[in-house]
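Novice: Dropping the sequence and predicted coords here.
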Amino acid sequence: MTVKITWDEASARRLERQFLTAPAKTGTPVAEVVGAMLGAHAQVLSAAEVSVGVRAEGVTRADVRAALWEHRSLVKMHGPRGTVHLLPTSELPFWTTALAAIPTGSGPFAPNARLTGAQAEEVVAAIGDALDGTYLTIDELSEEVVARTGPWAGDLVMPAFQTMWPRWRQVMHRAGQRGALCFGPNRGRKVTYTRPPRFEPLAENAALSTLVRRYLRAYGPATAAHFAKWLAAPRGWAGELFASSAAAGEIEEVGFEGGPAWVVAGDTEFPAAPVRGVRLLPYFDAYAIAAQPRETLFPGPAYERALAGGQAGNYPVLLVDGVVAGVWHQRRQGRRTTVTVEPLGRLTAARERELAVRVERVGEVLEAKAELVIGEVTAGAHA
């Protein structure tokens, strides 16, 4: 008989495994917390710092930065969906192989602007060589890539922000996903890049199997379509991957939200009690993006207010009893930050008190004194 899983059961286990039911104990490595999330979205580093900090006792942005730039237990690089993430350095062997195995299309560029397959490989190799043991700005890296490949790599053919970028930059994210490029500490206001610590990539089948199982442990029950959406991968490819994992006995089918879904084989124990309480998640938090079905996580008015055309992550969200029930925004001035929370329904006095504690914690993570204001959030998406 197929095991039936309810939303409340799935939500409770997901939040527990994300350290959102109870934060990781003091002393838990920051990389372990990031690993449980399957990466922290870091296009805006402060958002990643809050994502990690609300999941770990006592952790502040300084601890996240120390893990990233000093201990190098974290690496900032292109991860799922080609977007910038913090990932545990120890997990690069499976991440880089799995991400590189995802089929990609020809991209949005005109045919005469695209790189051939051979040119793309040449550029990725050149990026890795140029960044080995050093930190380069984008202009310095561009010079090195063109010198190692040829003038064609520097042709200004990519429309970008009212200017044109050189041809080679269309595979920057691929270089990141292949382990040839990651971010370094800023040089003044300029971003730098370097090469991640050396590692031995996992074989493709093992890497993809690991990624499926890690995803389902963190966000299951889930379907192949959910997995494809999270990775921005072709649905057909994801379906074949899940079928292969099922045939190998690595995952098993369960009933969830009225249809079939998957969990890791044998991983069918779920908390009996539903999630209670309020929580604050920042921009592009891993949970808000990966937990599915999205219509259930963002019920009723939350779907319109907290999403941008159905896309998650553009607004920091308020969770109440495990579902999105509002949005929030923080505006910092010096050592103080004002956190405005817009609930989509009435909060009891007890929940307002709990919300104040959550806001205080956000301030601690950002090393600022936080003040809670309950009212309308007037900032737009990703403001």
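Specialist: In hand now; what should we look at?
Novice: C-alpha only now, for contacts and for neighbours.
Specialist: Noted.
Novice: what about the spatially closest residue to Arg195 that is not a sequence neighbour, distance to Thr192?
Specialist: The shortest distance from Arg195 to any non-neighbouring residue, by C-alpha to C-alpha, 6 or more residues apart in numbering, is to Leu181 (4.7 Å). Leu181 sits 10 Å away from Thr192, going by C-alpha to C-alpha, to the nearest Å.
Novice: which one of these two has more residues nearby?
Specialist: Shown here are Leu181 and Thr192; by other C-alpha atoms under 10 Å, Leu181 has more neighbours (26 against 21).
Novice: For the more buried one, give me its contacts.
Specialist: 77, 127-128, 131, 172, 175, 193-196 (C-alpha atoms under 8 Å, 6 or more residues apart in numbering).
Novice: give me phi/psi at the residue nearest to Arg195?
Specialist: Here is the backbone geometry of Leu181 (degrees, to the nearest 10): phi -150, psi 140.
Novice: now swap in His85 and tell me
Specialist: According to degrees, to the nearest 10, His85 has phi -130, psi 160.
Novice: Near it, how many other residues are there?
Specialist: 26.
Novice: hey, what's it bridged with?
Specialist: His41, Met77 (DSSP bridges).
Novice: quick one: the closest residue to Thr134 other than its chain neighbours from Asn186, how far?
Specialist: Leaving aside its chain neighbours, Thr134 sits nearest to Thr194 (5.9 Å; criterion: C-alpha to C-alpha, 6+ apart). From Thr194 over to Asn186 the distance is 11 Å, taken as C-alpha to C-alpha.
Novice: quick one: which of these two has more around it?
Specialist: Of the pair Thr194 and Asn186, Thr194 is the one with more neighbours under other C-alpha under 10 Å, namely 24 against 13.
Novice: Quickly list what the more buried one is bridged to.
Specialist: Beta bridges link Thr194 to Cys182, judged by DSSP bridges.
Novice: Pull the contacting residues for it.
Specialist: With contact taken as C-alpha under 8 Å, 6+ apart, Thr194 is in contact with 131-136, 181-184.
Novice: Quick one: buried ones out of these?
Specialist: 131-132, 135-136, 181-184 (16 or more other C-alpha atoms under 10 Å).
Novice: need those residues in JSON lines with pLDDT and distance to Gly39, can you?
Specialist: Formatted as JSON lines, the buried ones among the contacts of Thr194 follow (pLDDT from 0 to 100; distance: C-alpha to C-alpha, whole Å):
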{"residue": "Leu131", "pLDDT": "97", "distance to Gly39": "23"}
{"residue": "Asp132", "pLDDT": "96", "distance to Gly39": "24"}
{"residue": "Tyr135", "pLDDT": "97", "distance to Gly39": "23"}
{"residue": "Leu136", "pLDDT": "98", "distance to Gly39": "24"}
{"residue": "Leu181", "pLDDT": "96", "distance to Gly39": "17"}
{"residue": "Cys182", "pLDDT": "96", "distance to Gly39": "14"}
{"residue": "Phe183", "pLDDT": "97", "distance to Gly39": "15"}
{"residue": "Gly184", "pLDDT": "96", "distance to Gly39": "17"}
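Novice: Nice, that's everything, thank you.
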